[in-house]
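got a predicted structure here, sequence first:
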Amino acid sequence: MNMAQTQSVKVIASAPDPVLGYCKFQFGSFTFERDMYFVHVSWPKGVHTIEVDRFLRAMVRDIGWGFFYGWIFFDDVFGTQNHYGTVDIYAGTYSKGHRDTGVDFLETFNTDDVRVAFETISKNWINEGYDPLRAPMETGSPLGPKTKDAAGPLIRGFEPARRMMGLPGDVSPRSDASGHPINRAFADMSFDKPDIEIEPGFEDQVHAFNLFDHIARADVTWNPSFTSITRACICCVTSEEHMLPVIHGNDRNEWFIQLTDEIHWNIQDKNTGNPRGRIVMKSGDVCAMPADIRHQGFSPKRSMLMVLENGTPGLEEKYANGELEPFPITASRW
Ligand code: PHB
Ligand code: FE
């Protein structure tokens, strides 16, 4: 695990632009500037432009997920890598074209400094009426000049269960009472409560709830929430509509179980972005994403997905140095 502490770096905001009202930000060697439609990221050797919607949808998730496992690509060029204590921000490092022409750039920061910088930028650039965690059809537009900062928490839907949702004292599943009605896409499902019959003496130890009901009420998409944690086995569920707003580069295996509907996945080589595969997961399908790829999902209608992660500290090093093969099982062992 790379716990090396780097120098603390603070994000610096400019005065608001007199025409559009947004600030420009300097963070280390990077500058971040937005206009009506685009975000322009510059670094000493180059500039890169990303649509503002795509950028903000990626940035709030990167913050909310604590930079996740491995790489979060905002697009093919720009993103972050989590070293669990420090975070790299890179531009072109994993794009063959940028590397070949020598304009790639990477800088390492303390995790907390990146979190504060990304929060500062997102708060300034997100207007009331636009929520980048919602499905595009369920929120307003991020385009245009600054109006008013969005009220309410930017980052939500990721409150971890300590043991399991719904246990006394733990996080509660979503409900009408918590302000989460069933989403329009799941109106045709039935959500019976489980019958729980407990042997005397085990009343505090047995628990069940309807997981579909909880997922059907999500007001966010592509934002997994921890449902149960058993040692390092992290079980997350999420409701997906439109596209995963990031391209995730794995530093370990992760498992997907498609609970309803379907998701189409693009799988690419992690270092070059070259295509490696396509997977169409239909309801009931299970797949393991290898540790040496990047992937992005497309959900043509809102669907439910379970994501299983292995949170064992230091696992990323065992994959990086070849001690573990990138697949959970190889053909020779079947
Ligand atoms: C993933 O990168 O594996 C991922 C992220 C968010 C989701 C689903 C999958 O909602
Ligand atoms: Fe992933």
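The structure has been received and is ready for your questions. Residues are numbered from 1 along each chain as shown. Ligands and ions are numbered 1, 2, ... in the order given.

how about the helices in this structure?
Secondary structure of the chain by DSSP state H: the helices cover 52-64, 96-100, 111-125, 211-216, 315-320.

now, of the ones you listed, which is deepest in the fold?
With neighbours taken as mean count of other C-beta atoms under 10 Å, the helices of the chain reach their highest mean count in helix 52-64, at a mean of 23. (Glycine included, C-beta is placed from N, CA and C.)

contacting residues for the residue nearest the centre of the chain?
Nearest to the geometric centre of the chain sits R61, at 4.5 Å (C-alpha atoms, centre = their mean). Neighbouring residues of R61 by C-beta atoms under 8 Å, 6 or more residues apart in numbering: 72, 133, 222-223, 245-246.

which two among the residues you listed are spaced furthest apart?
I72 and L133 (15.0 Å; C-beta to C-beta).

how close does the spatially closest residue to K123 that is not a sequence neighbour get to ligand 1?
Closest residue to K123 apart from its sequence neighbours, by C-beta to C-beta, 6 or more residues apart in numbering: D149 at 6.1 Å. According to C-beta to the nearest ligand atom, to the nearest Å, D149 and ligand 1 sit 26 Å apart.

what about the nearest residue to S299 once chain neighbours are set aside, how many residues nearby?
Counting by C-beta to C-beta, 6+ apart, E240 is the residue found nearest to S299 once chain neighbours are left out, at 4.0 Å. When neighbours are defined as other C-beta atoms under 10 Å, E240 has 27 of them.

so what sits opposite E240 in the bridge?
S303 (DSSP bridges).

contact partners for it?
221-222, 263, 297, 299, 302-305.

could you report the pLDDT at the residue lying closest to L324 once chain neighbours are set aside?
Setting aside the residues directly before and after it, L324 is nearest to K318 in space (C-beta to C-beta, 6+ apart), at 4.5 Å. Listed pLDDT for K318 reads 96.

distance-wise, check K318 relative to ligand 1.
19 Å.

pretty sure that residue is touching E325, no?
No - contact criterion C-beta atoms under 8 Å: K318 and E325 do not qualify, at 10.0 Å.

show me the contacts for the closest residue to P224 other than its chain neighbours.
Once flanking residues are discounted, P224 sits nearest to C236: 3.4 Å by C-beta to C-beta, 6+ apart. When contacts are counted by C-beta under 8 Å, 6+ apart, C236 touches 224-227, 306-309.

can you redo those as CSV with neighbour count, pLDDT and distance to S172?
Formatted as CSV, the contacts of C236 follow (neighbours: other C-beta atoms under 10 Å; pLDDT from 0 to 100; distance: C-beta to C-beta, whole Å):
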residue, neighbour count, pLDDT, distance to S172
P224, 24, 91, 17
S225, 22, 83, 12
F226, 19, 80, 13
T227, 23, 82, 12
M306, 18, 97, 19
V307, 16, 97, 21
L308, 15, 96, 22
E309, 21, 94, 22
